[in-house]
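**Q** sequence below, structure please.
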Amino acid sequence: MMNDSSPESSPEGESCDSIKYILVSGGVISGVGKGVITSSIGTLLKSIGLRVTAIKIDPYLNIDAGTFSPYEHGEVFVLDDGGEVDLDLGNYERFLDVKLNRDNNITTGKIYQHVISKERRGDYLGKTVQVVPHVTDAIQDWVEHVAMIPVEGEGEKPQVCVIELGGTIGDIEGMPFIEAFRQFQFKSGVSNFCNIHVSLVPQPGSTGEQKTKPTQHSVRQLRGFGLSPDIIVCRSQTPIDGIVKSKISNFCHVKPDQVVAVHDCSSIYRVPLLLEKQGVLRYLVKRLELPSPTPRTPIFLHKWKNLADRYDGHQEDVRIVLVGKYTKFQDSYISVIKALRHAALSCRRKLDLKYIEAEYLEKEMELKDPVGYHKAWSCVCDAQGILVPGGFGIRGIEGKILAARYARERKIPYLGVCLGMQVAAIEFARSVLEFPDANSTEFNDTTKHPVVIEMPEHNPGDMGGTMRLGKRRTLFKHSDSVLRKLYGNPEHVEERHRHRYEINPSIVKEFENKGLRFVGQDVDGQRMEIMELSDHPYFVGVQYHPEYLTRPMKPSPPYLGLILASLGKLQTYIARGCMPSPRSSYDYFSDSEGELDDEVTQALGRTSIFSTPSISPDLRNTTKSEMD
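**A** Predicted coordinates for the structure are as follows:
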């Protein structure tokens, strides 16, 4: 949570006036795509050399996302500082290549906790504490404070803060935030604040006609609360024609070029290009008095277009099976899915991902649902690679153990993340070490062979924020580690964690004597972080969650290893030194150019992206005077 002294004790003379604020609100329905629009806006602003940060506002009363059910809100995303936040912050980090902190996710619970703590200390000097002005002031102070926190390696203060307001306009829980930003627009100044409103344009199947009335009502409601949209982003299934845009312009009191259409695209990577094509970047530069686009802008846009084209253009696929327990709601594994897609994209393959409920692999299911049982095992048998992600609870554990056994015995590439590493160790102990009752104390606290144990410092009382969270250092213990080579042969790596249980260090030697090596450990040598099986194409487990740090042009090494091994290219890639290229270094915000041309880099897709870019028509003829 934000320190109580933070917003009030900014260094004297430091002002937030120079920071530009873009509020992204939504109407008609939730889940309309505000997160992707927010990320895409930030991406376009970064393309002209600006430092951009992002804030997600969630109007629920929870302090953070740590105790959410995956079925309710999807994945819990973890930040470097251990903050458990909404999955949209993962989108921001992946698109903008920044490192956010827990205060970048504002919830009603955090705000009220902050205000009540101040009231208990007597900071309000006996005044009646009310939503207006105390809660609304706290929201504004929080936004100003977080907007100044550096999110890039250089440590410089951001120049633009893009704020996504969760929910829809009119939701009762969001009213204090709407009022706060109504006041904030005057506090920050006309040229430092703008509002982008994202609204659904439905297209009923009975008529096929795109309806503008919901957007009209949404904008009218927004104006009734004191905010006027500068840009209206119309979300639709199919492209919106000029007549519909003109109608929205007329009835919502904005110019035609301030109505932007974003239809369902083949990938989210096309959204920044779609926005730029319709002049959004040009409008924001003028509206917020931002620096003019530089020569790097068309270079960046070309690289991003190349990324989107490659995503759509691959014909061959790579078949991966994800064995989990929350597979009915794909957002539960959104970062895992992104990591797999990024890795497959770098290998010039289209990801063919099958989701298997772990329960359906268990023997009991053959009697309960024989069709589902055989279908699940058919997918596993057809897979080129198997992934078991993190999770909690006993349901489906035996199915995951069976999947790990199948991958080990059949030499199918396997990646186990967090719980996925633990079940692989349990399976190895049962099958190879011949400990038939081997288990985790999470599932059987009376087992004679506890392969996985609870962390000594874990607090079993409160659930929220009691796990081992955030960025931690892992030291490599073996120079011949496959994962060490995939990371670029460093002495250590720093990855994000979220777990309560870990491998029992007292039985590590027994594992290693049989070929299952723990090649990565924490700085104290007590926690097992990475395991690799000898004499296997790729059987890797990691206690941390590498998917949290994946990037579109810099795939996570453990996931890249899984895809390469599934394609039969891992050993060739390692033999050539795992040589990185400018393109694989996620440097699409830079102007560096280069190309590598050999068998392995061809497999990783490292060609043609640095060819001479074609400049966007919207930017080619733009002069500084026009921008001003």
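**Q** in what helix or strand does Val323 lie?
**A** strand 317-324 (DSSP states H and E).
**Q** surely Val52 touches Ser39?
**A** No - between Val52 and Ser39 no contact is recorded; they are 10.0 Å apart, counting by Cβ atoms under 8 Å. All C-beta atoms are positioned from the backbone trio N, CA, C, and that covers glycine.
**Q** measure Ser25 to Gly561 for me?
**A** 41 Å (Cβ to Cβ, to the nearest Å).
**Q** in the chain, which ranges drop under the pLDDT threshold?
**A** Scanning the chain for pLDDT under 70 picks out 1-17, 293-297, 457-465, 579-628.
**Q** what sits closest to the residue positioned nearest the centre of it if chain neighbours are left out?
**A** The chain has Gly90 as the residue nearest its centroid, 2.3 Å off, counting by Cα atoms, centre = their mean. Distances taken as Cβ to Cβ, 6 or more residues apart in numbering place Phe77 nearest to Gly90, at 4.2 Å, with adjacent residues excluded.
**Q** check contacts around that neighbour.
**A** Ala65, Glu84, Val85, Asp86, Leu87, Leu89, Gly90, Ser335, Tyr548 (Cβ atoms under 8 Å, 6 or more residues apart in numbering).
**Q** and which of those residues is nearest Met365?
**A** Distances from Met365 to the contacts of Phe77, taken as Cβ to Cβ, are shortest for Ser335 (28.1 Å).
**Q** is that closest one in a helix, a strand, or coil?
**A** Per DSSP: H, G, I helix; E, B strand; the rest coil, the secondary structure class of Ser335 is helix.
**Q** tell me, how many residues neighbour it?
**A** Using other Cβ atoms under 10 Å, Ser335 has 27 neighbouring residues.
**Q** ditto for Phe511
**A** When neighbours are counted by other Cβ under 10 Å, Phe511 comes out with 22.
**Q** residues in contact with it?
**A** Ala425, Phe428, Ala429, Leu433, Arg517, Phe518, Met531.
**Q** can you get me a residue count around the closest residue to the third one other than its chain neighbours?
**A** Sequence neighbours aside, Ala438 is the residue nearest to Ala429 in space, at 3.6 Å (criterion: Cβ to Cβ, 6+ apart). As a burial measure, Ala438 scores 24 neighbours (other Cβ under 10 Å).
**Q** before we move on, what about Ile111?
**A** For Ile111, using other Cβ under 10 Å, the count is 25.
**Q** is it true that Asp101 touches Asp80?
**A** Actually, residue 101 is Asn rather than Asp. Yes - the pair formed by Asn101 and Asp80 meets the contact definition of Cβ under 8 Å, at 7.1 Å.
**Q** okay, buried residues for the lengthiest helix in the chain please.
**A** For the chain, the longest helix by residue count, based on DSSP state H, is helix 296-313. Residues of helix 296-313 classed as buried by neighbour count (16 or more other Cβ atoms under 10 Å): 297-311.
**Q** can you show me the helices along the stretch 451-600 of the chain?
**A** 482-486, 508-513, 557-566, 570-575, 599-603 (DSSP state H, counting those that start in this stretch).
**Q** show me what the fourth one is packed against.
**A** Translated: helix 570-575. Under the contact definition 3 or more Cβ pairs under 8 Å, 6 or more residues apart in numbering; DSSP states H and E, helix 570-575 sits against helix 482-486, helix 557-566, helix 599-603.
**Q** could you dump those helices into a markdown table and include mean neighbour count?
**A** Below are the helices and strands packed on helix 570-575 laid out as a markdown table (neighbours: other Cβ atoms under 10 Å):
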| stretch | mean neighbour count |
| --- | --- |
| helix 482-486 | 23 |
| helix 557-566 | 27 |
| helix 599-603 | 16 |
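**Q** now those helices as TSV including distance to Leu367?
**A** Below are the helices and strands packed on helix 570-575 laid out as TSV (distance: least, Cβ to Cβ, whole Å):
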stretch	distance to Leu367
helix 482-486	40
helix 557-566	32
helix 599-603	44
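**Q** show me the one of those helices that comes nearest Phe251.
**A** That would be helix 557-566 among the helices and strands packed on helix 570-575, by Cβ to Cβ, at 47.1 Å.
**Q** what ranges do the helices span in the stretch 201-350 of the chain?
**A** Going by DSSP H, counting those that start in this stretch, the stretch 201-350 of the chain shows helices at 213-224, 242-252, 271-277, 280-287, 296-313, 334-346.
**Q** quick check: bridge partners of Lys354?
**A** Val321 (DSSP bridges).
**Q** 23 is where my numbering starts, stick with that
**A** Sure, I'll start numbering at 23, so the last one becomes Lys376.
**Q** got the contact list for it?
**A** Arg341, Ile342, Val343, Leu344, Cys401, Ala405.
**Q** which among those end up buried?
**A** Ile342, Val343, Leu344, Cys401, Ala405.
**Q** circling back to that earlier point, pick the one among the contacts of Phe99 closest to Lys493.
**A** Nearest member of the contacts of Phe99 to Lys493, counting by Cβ to Cβ, is Tyr570, at 9.2 Å.
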